[in-house]
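S.K.: Dropping a prediction and its sequence here:
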Amino acid sequence: MKNILAIPALLGATSLGIIRNAGQWGVFSLTALLGMVHARRLVPKILHDIHFIGFKSLNIIMLVAFFTGMVLGLQGYYTLIKFSAEGMLGVAVALSLVRELGPVLTAIMLIGRAGSSISAEIGIMRISEQIDALSTMDVDPVRYLVTPKIIASLICFPLLTAIFDCVGILGGYFSSVLLSSRSGIFFSKIQSSLLLSDVTGGFIKSFVFAFIVITISCYCGYYTHQNQSSAGAEGVSNSTTSAVVQSCVYVLIADYVITSFLM
Amino acid sequence: MSSTTPLIQLRNISKAFGGREILRDATLDIRRNEITAIIGKSGGGKSVLVKHIIGLITADSGEIIFDGIPYSTMKRKDFSAIKNRCSYMFQNNALFDSMTVFENIALPLREKFKFPKKDIEDKVRARIEQLELTEVAQMYPKQISGGMQKRVALARALVTEPEIIFFDEPTTGLDPIRKKTVFSMIHRYHEKLNFTAVIITHDIPDIFYIAHAVNILDEGRIIFSGSPVTLEQSSDPGLYTYTHGHEMLIDELTGLHNRLSLVRKIEASGSHREGRLVLATVRLVGMRTVMDYKGELLAHAFIRNLAKFVHSFLPPQACAGMFSKEILVLAARTGEESTLELFLERLANYFTNLAIETYCHKHRLQVEIGGAVVSDESNAYTAIQEALATSKKYV
């Protein structure tokens, strides 16, 4: 009897845990968003976070974008040539990047580079009582630590996505030049086929991804101490892993949902 | 609110973490403008108790009353106002790694109060100079020693000149000289600013000299609340560890009982054993002077040597202990009449040893040995007095 009841009990506990976490994340995110009111005093911190999230990620984003574009060009060329449609390579590369790969890969790269780091930083602040110190000073830790990061992300993610798209298209172009001499058609087809709605859709995604990635990363770090199974350095390690995994999963889910609305 | 009403009242606070009870109906009063010390064993919940006051932890049950208003009925805005009146110095300092020492100290001024930049700099520099941190002002916390980090945390707690300051083990990790400096500084600032201080500490007896009230937290409950003088005079054996904890190492090294445990041992032996109580006493006249003028270590070496000798002939059922700094007592409950003679003879032999005699002459120690088969065994103090009355000078 005990064994039979164990399964529904486990399911119930897990469901309650998920609901509680979702609610806590919602309240946490809302508190951080409300912190944007009177954000003028946070400007130095926002600039610092833009430097960290945006500028310091620039190299890796450009590198990944360039090779992603080249691979797209290469794969696309060998596929399109079967239908004698290699002239459409530019459109294939550009649409893939602008609509889908640009926002998603930028988000995933930023999860690895900035999200994990932010989660670990806040987690360490939690276990070393720095967050408690802010509370005792009557400084709202969420507003002080999370709000500037959200603002910085909402600025950086779309910009980095735009850079990813451009550099990716450039990578596709190089690939195309290496494989065929008809390079002029690459850009002319992009110009005639790429619509503003494609670009807007990509930017909408990057805004949503920015919010998801940063709030989840900050949330996992902020509540490191609630991790029952581990504490201290191990707790920070677990919350960082959790931040990366959850961010990736929710970015991909959100990508599907947004794409289905935009189509 | 009248000045006699405690500023903060904690009533029956209970808190458990993961099923483990940390606080059990802890009740405590913190009086306005006083230094209140909370002492107790490590991991006993002292920090947890104080964190309830500042709102970092919520109690499972119980009530906190601040200035007559219970937290349970308080609005968020009012609680925020309380936080503005308080400052908290964390046990692990809780300094911000990404900020310099200067920025760490300036943080509460920048975030809490809207002082002009110049005022903030002046206030921070004043604290930095007072705490001898000038050389490290532009360094990061990780680049300075633990002791310096402690002083930075202290500077951050004091910089806003709050009404109430919570010090969570402010002297942990500091050398003895700096410990004294920290306590004297807290005392000096208290005299000057008249703030209310709550100090969690293990520094016994140093804290007794500056605290107005002492609270002992044991097994999640406050087992003593009162002045340091009341605590010192208490005969409650449960409090002895806390009041004389610093002397316990000496007791353990010599293997001698302290006054309280000696008395308890003598009185307990009377209740269920056959035979009569035999007491021998050694009065070391001048030992206090040796301690005061020549040092505790010299005196301790002498007592340790004497204790070693006493343990070499003490029968298994007997016990020995220091009744005071100058009186050693040997006690045995026995049916043998010769026990007292054995004690007196052995002790006399010890003190007629040339090296011991020379030592006593050199340090002007006078030794008197006494002993009695006690007639009135109801009170250990009376019994010891009876034995002391028979003392004869040996050296």
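M.R.: The structure has been received and is ready for your questions. Because the structure is a prediction, the values reported are computed rather than measured. Numbers count the residues shown, from 1 in each chain, chains lettered A, B, ... in the order given.
S.K.: so where's the chain uncertain?
M.R.: Using chain A here. Within chain A, the segments meeting pLDDT under 70 span A:1-2, A:181-182, A:228-230.
S.K.: Not quite, go with chain B.
M.R.: B:1-3, B:245-250, B:270-274, B:375-378, B:395.
S.K.: Domain-wise, how is it divided?
M.R.: B:8-243, B:247-393 (automatic domain parsing).
S.K.: The longest one and chain A in contact?
M.R.: It stands for domain B:8-243. Yes - where contact is defined by CB under 8 Å from any CB of the partner chain, part of domain B:8-243 touches chain A, namely B:18, B:51, B:54-56, B:80, B:83-84, B:86-88, B:90, B:92, B:94-97, B:107-108, B:111-112. For the C-beta atoms, the positions are set from N, CA and C on the backbone; glycine is no exception.
S.K.: Quick check: residue A:11 vs residue A:23, distance?
M.R.: 19 Å (CB to CB, to the nearest Å).
S.K.: Apply the buried test to the residues of domain B:8-243 next to chain A and list what passes.
M.R.: Buried members of these, counted by 16 or more other CB atoms under 10 Å in any protein chain shown: B:51, B:54-56, B:83-84, B:86-88, B:90, B:92, B:94-96, B:107-108, B:112.
S.K.: before we move on, the earlier item: export the domains of chain B to TSV and tack on distance to residue A:83?
M.R.: Shown next, in TSV, are the domains of chain B (distance: least, CB to CB, whole Å):
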stretch	distance to residue A:83
domain B:8-243	56
domain B:247-393	89
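S.K.: who wins for proximity to residue A:103 among the ones you listed?
M.R.: domain B:8-243 (30.2 Å; CB to CB).
S.K.: End to end on the closest one, go ahead and measure it.
M.R.: 25 Å (CA to CA, to the nearest Å).
S.K.: roughly how far is that domain from the heart of the chain?
M.R.: 17 Å (CA atoms, centre = their mean, to the nearest Å).
S.K.: Over to stretch B:321-338?
M.R.: Worked out by CA atoms, centre = their mean, stretch B:321-338 lies 29 Å from the chain centre.
S.K.: Now the stretch 201-350 of chain B against chain A: closest residue?
M.R.: Closest residue of the stretch 201-350 of chain B to chain A, CB to the nearest CB: residue B:201 (18.0 Å).
S.K.: Could you check how many residues crowd around that residue?
M.R.: By the criterion of other CB atoms under 10 Å in any protein chain shown, residue B:201 has 22 neighbours.
S.K.: Can you tell me the element residue B:64 falls in?
M.R.: In this structure, residue B:64 sits in strand B:61-66 according to DSSP states H and E.
S.K.: Sheet partners, orientation included, of the helix or strand following that strand?
M.R.: Per DSSP H and E, strand B:61-66 leads on to strand B:69-70 as the next helix or strand towards the C-terminus. Here strand B:69-70 has these sheet partners by DSSP bridges: strand B:61-66 (antiparallel).
S.K.: So what touches the strand it pairs with?
M.R.: With contact meaning CB atoms under 8 Å, 6 or more residues apart in numbering or on different chains, strand B:61-66 is reached by B:7-14, B:25-26, B:52-53, B:70-72, B:74, B:82.
S.K.: Any idea how far stretch A:104-120 is from the middle of the chain?
M.R.: The mean C-alpha position of stretch A:104-120 is separated from the chain mean by 6 Å, CA atoms, centre = their mean.
S.K.: one step back: skipping adjacent residues, who's closest to the residue of the stretch 201-350 of chain B closest to chain A in space?
M.R.: Distance criterion CB to CB, 6 or more residues apart in numbering or on different chains; nearest residue to residue B:201, sequence neighbours excluded, is residue B:207 at 5.0 Å.
S.K.: check which helix or strand covers the residue nearest the centre of chain A.
M.R.: Geometric centre of chain A, nearest residue: residue A:107, 2.8 Å, by CA atoms, centre = their mean. Per DSSP H and E: residue A:107 is located in helix A:102-110.
S.K.: how about residue B:180, what does it touch?
M.R.: Neighbouring residues of residue B:180 by CB under 8 Å, 6+ apart: residue B:206.
S.K.: just checking, the residue nearest to residue B:201 touches residue B:214?
M.R.: Yes - between residue B:207 and residue B:214 there is a contact under CB atoms under 8 Å: 7.5 Å.
S.K.: who touches both of these two?
M.R.: With CB under 8 Å, 6+ apart, residue B:207 and residue B:214 have common neighbours B:37, B:39, B:228.
S.K.: Spell out for me which residue occupies the centre of chain B.
M.R.: Among the residues of chain B, residue B:204 comes closest to the average C-alpha position under CA atoms, centre = their mean, at 2.2 Å.
S.K.: Let me know how buried residue 63 is, in neighbour terms.
M.R.: Since you didn't name a chain, this refers to chain A. With other CB under 10 Å as criterion, residue A:63 counts 13.
S.K.: that's the wrong chain, I wanted chain B
M.R.: For residue B:63, the neighbour count with other CB under 10 Å is 15.
S.K.: Distance of it relative to chain A?
M.R.: For residue B:63, the distance to chain A equals 21 Å [CB to the nearest CB, to the nearest Å].
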